[in-house]
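Novice: the following block contains a protein sequence and its predicted model.
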Amino acid sequence: MFCRIETSPRDSHVNNAPLPAALEWLAADLERLAAEGLERPHRVRDGRQGSEVILDGRSLLNFGSNDYLGYAGDVRLTKAASKAACAEGFGAGASPLVSGHSRAHDRLEGAIAGLLDVPAALTFPSGFAANSATIAALVGPGDVIASDERNHASIIDGCRLSRAEVAVYPHRDMAALDALLAGSAGRRRLIVSDSLFSMDGTIAPLADLADLARRHTAMLLIDEAHATGVFGPRGSGLVEAAGCGDGVAIRTGTLSKAVGAAGGFVAGHAELIRWLRHTARGWIFSTAHPPAVAAAATRAIDLFATESHRRRELLERAAVFRGRLAAAGLEIGGAEAQIVPIIAGAAAAAVALSAELADRGFFAPAIRPPSVPRGKSLVRVSLSWLHTEANLETLADALIATHS
Ligand SMILES: Cc1ncc(COP(=O)(O)O)c(C=O)c1O
């Protein structure tokens, strides 16, 4: 299983010319990051995503992708993409507003709306763009955004872009959210939350969020990035699983994780989508992602219907894995799904744990600030349907061994 392959020397393309004076601060800041244990590696992957991955020439069992259902390397997606590329060419060539919205994008938007059981959807080149553009369009100066403190960077940036007042509430604290909404009555309000939190693996109280949104006449946007494909009888996510689709007016998500392709979406009422086509700058002023990518995403969404066993088996195995770690006394911070953080605390401790796991043949990345708060660094284990029960057992053995 473990092989070494030939790789070209790292950074061989780099021209080491001295920095001009105006950029010297960059070197100082890089030194600071290294000194604080926050320097991030820039790894090169060979081959495709799978239960194993070759990173910087080293073959490792892969617990560091978001390919939750194993579709990223699936040849059926490759075939769908090739067919669309042959028919429609590779590049989209323009913003969707102009001539970039191809037949493949149109089919994809229909497939997303069908999956979520809503009237309409709009696709973006990334999930990041979907969140940031949608939030920045929905609210502006004078309005209020209530945002969970653990929300993803794309939500945080959307909040900043909007220039609305941003009130951050403690993670999943519904009493704090209620008070915040009561204190901002009469203004346009947007509540925004991940459904499955990307670093903690915790789940938002969706029914309570929907209830608060209704009672306070606030808009509610739920980002299903890590839940799409994994949760819900149809695989549309946690909103479906919680049975509160009617209470969540705006859903965003990504096509880059369980869908195995790339791109992002917002979905909901027809008027919402029509309005965003006039206002979402990240959609209007950005070239559509390639039609081939849209076709691959559509193929994966079709597979959600016929391969529901993948999400069921993934969640069953994840529950067993979490149970084993918790029973052995590992700190997994309330994780509830296929994302399992191993809380290490200091950045250096997370890096050391990740390195030790790599020495034992596993890839699980260290997550440090700014992705998580200071002192809350962790090793993020993401499980995929591609992992066998034996894979999970060997990782659990290794984690327990490093813990004792
Ligand atoms: C919660 C959440 N939302 C949005 C995104 C952005 O998605 P994409 O990778 O498609 O830009 C991510 C990606 O990591 C995420 O974790």
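Specialist: Structure's in. What do you need?
Novice: what sits closest to the residue of the chain found nearest the ligand if chain neighbours are left out?
Specialist: Nearest residue of the chain to the ligand, counting by C-beta to the nearest ligand atom: Gly127, 2.4 Å away. Every C-beta, even on glycine, is put in place using the N, C-alpha and C of the backbone. Excluding the flanking residues, the one nearest Gly127 by C-beta to C-beta, 6 or more residues apart in numbering is Thr254, at 2.8 Å.
Novice: was I right to think that neighbour contacts Ala225?
Specialist: Yes: between Thr254 and Ala225 there is a contact at 4.5 Å, judged by C-beta atoms under 8 Å.
Novice: mean confidence score for stretch 185-195?
Specialist: On average, the pLDDT along stretch 185-195 is 97.
Novice: what residues sit buried inside that stretch?
Specialist: For stretch 185-195, a neighbour-count test (16 or more other C-beta atoms under 10 Å) marks Arg188, Arg189, Leu190, Ile191, Val192, Ser193, Asp194, Ser195 as buried.
Novice: mind checking which of the residues you listed land in strands?
Specialist: Residues of the buried residues of stretch 185-195 located in strands (DSSP state E): Arg189, Leu190, Ile191, Val192, Ser193, Asp194.
Novice: now the helices for this protein?
Specialist: 24-35, 75-88, 103-116, 127-138, 153-162, 174-182, 206-215, 238-242, 270-279, 281-284, 291-306, 308-327, 347-359, 389-403 (DSSP state H).
Novice: Leu60 is nearest to which of those?
Specialist: Nearest of those to Leu60, taken as C-beta to C-beta: helix 347-359 at 6.3 Å.
Novice: and the closest one with helix 389-403, angle?
Specialist: 130 degrees (axes from the mean of the first three to the mean of the last three C-alpha atoms, to 10 degrees).
Novice: touching helix 347-359 from outside, list them.
Specialist: For helix 347-359, the external contacting residues (C-beta atoms under 8 Å, 6 or more residues apart in numbering) are 36-38, 58, 60, 342, 344, 363-369, 377-379, 395, 398-399, 402.
Novice: quick one: pLDDT of Asp173?
Specialist: We note a pLDDT of 98 for Asp173 in this prediction.
Novice: count the neighbours of it for me.
Specialist: Here the number of neighbours of Asp173 (other C-beta atoms under 10 Å) works out to 14.
Novice: ok, of the contacts of helix 347-359, which come out buried?
Specialist: 37-38, 58, 60, 342, 344, 363-368, 377-379, 395, 398-399, 402.
Novice: keep only these that also lie close to the ligand.
Specialist: Contacts with the ligand are made by none of the buried ones among the contacts of helix 347-359, judged by C-beta under 6 Å from any ligand atom.
Novice: the closest residue in space to Ala364 that isn't next to it in sequence: what's it in contact with?
Specialist: Sequence neighbours aside, Phe63 is the residue nearest to Ala364 in space, at 4.3 Å (criterion: C-beta to C-beta, 6+ apart). Listed by C-beta under 8 Å, 6+ apart, the contact set of Phe63 reads Phe362, Phe363, Ala364, Val381, Ser382, Leu383, His387, Leu395.
Novice: can you tell me which of the buried ones among the contacts of helix 347-359 end up in strands?
Specialist: Judged by DSSP E, strands contain the following of these: Arg58, Leu60, Ile342, Ala344, Phe363, Ala366, Ile367, Ser377, Leu378, Val379.
Novice: the closest residue to the third one other than its chain neighbours pairs with what?
Specialist: Once flanking residues are discounted, Ile342 sits nearest to Val379: 4.5 Å by C-beta to C-beta, 6+ apart. Each beta-bridge partner of Val379 is listed here: Ile342, Ala366, as defined by DSSP bridges.
Novice: pretty sure Val379 is touching Pro341, no?
Specialist: Yes: contact between Val379 and Pro341 holds when scored by C-beta under 8 Å: they sit 7.2 Å apart.
Novice: what do these two both touch?
Specialist: Ile367.
Novice: returning to that earlier point: adding pLDDT, write the ones in strands among the buried ones among the contacts of helix 347-359 out as a markdown table.
Specialist: A markdown table is the format used below for those (pLDDT from 0 to 100):
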| residue | pLDDT |
| --- | --- |
| Arg58 | 95 |
| Leu60 | 97 |
| Ile342 | 97 |
| Ala344 | 96 |
| Phe363 | 98 |
| Ala366 | 96 |
| Ile367 | 95 |
| Ser377 | 95 |
| Leu378 | 97 |
| Val379 | 97 |
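Novice: quick one: contacts for the nearest residue in space to Leu77 that is not next to it in sequence?
Specialist: The spatially closest residue to Leu77, leaving aside those adjacent along the chain, is Ala296, at 4.1 Å (C-beta to C-beta, 6+ apart). Going by C-beta under 8 Å, 6+ apart, Ala296 touches Leu77, Thr78, Ala80, Ala81, Ala84, Gly260, Ala261.
Novice: can you lay out those residues as TSV showing neighbour count, pLDDT and distance to the ligand?
Specialist: TSV is the format used below for the contacts of Ala296 (neighbours: other C-beta atoms under 10 Å; pLDDT from 0 to 100; distance: C-beta to the nearest ligand atom, whole Å):
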residue	neighbour count	pLDDT	distance to the ligand
Leu77	23	98	16
Thr78	14	98	19
Ala80	23	98	19
Ala81	22	98	17
Ala84	24	97	19
Gly260	26	98	12
Ala261	25	98	9
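Novice: max pairwise distance over those residues: which two?
Specialist: For the contacts of Ala296, the farthest-apart pair by C-beta to C-beta is Ala84 and Gly260; their separation is 15.1 Å.
Novice: okay, now the domains of the protein?
Specialist: Annotated domains of the chain cover 43-69+308-403, 75-306 [automatic domain parsing].
Novice: can you say which of those domains is packed in most?
Specialist: domain 75-306 (a mean of 21; mean count of other C-beta atoms under 10 Å).
Novice: interface residues of this structure facing the ligand?
Specialist: Counting by C-beta under 6 Å from any ligand atom, the positions of the chain adjacent to the ligand are 126-128, 131, 152, 154, 194, 198, 223, 225-226, 254, 256, 264.
Novice: isn't Val381 right next to Ala398, touching?
Specialist: No: checked against C-beta under 8 Å, the pair Val381 and Ala398 is beyond contact range at 10.7 Å.
Novice: which residue packs closest to Ala396, ignoring adjacent ones?
Specialist: Excluding the flanking residues, the one nearest Ala396 by C-beta to C-beta, 6+ apart is Arg324, at 4.7 Å.
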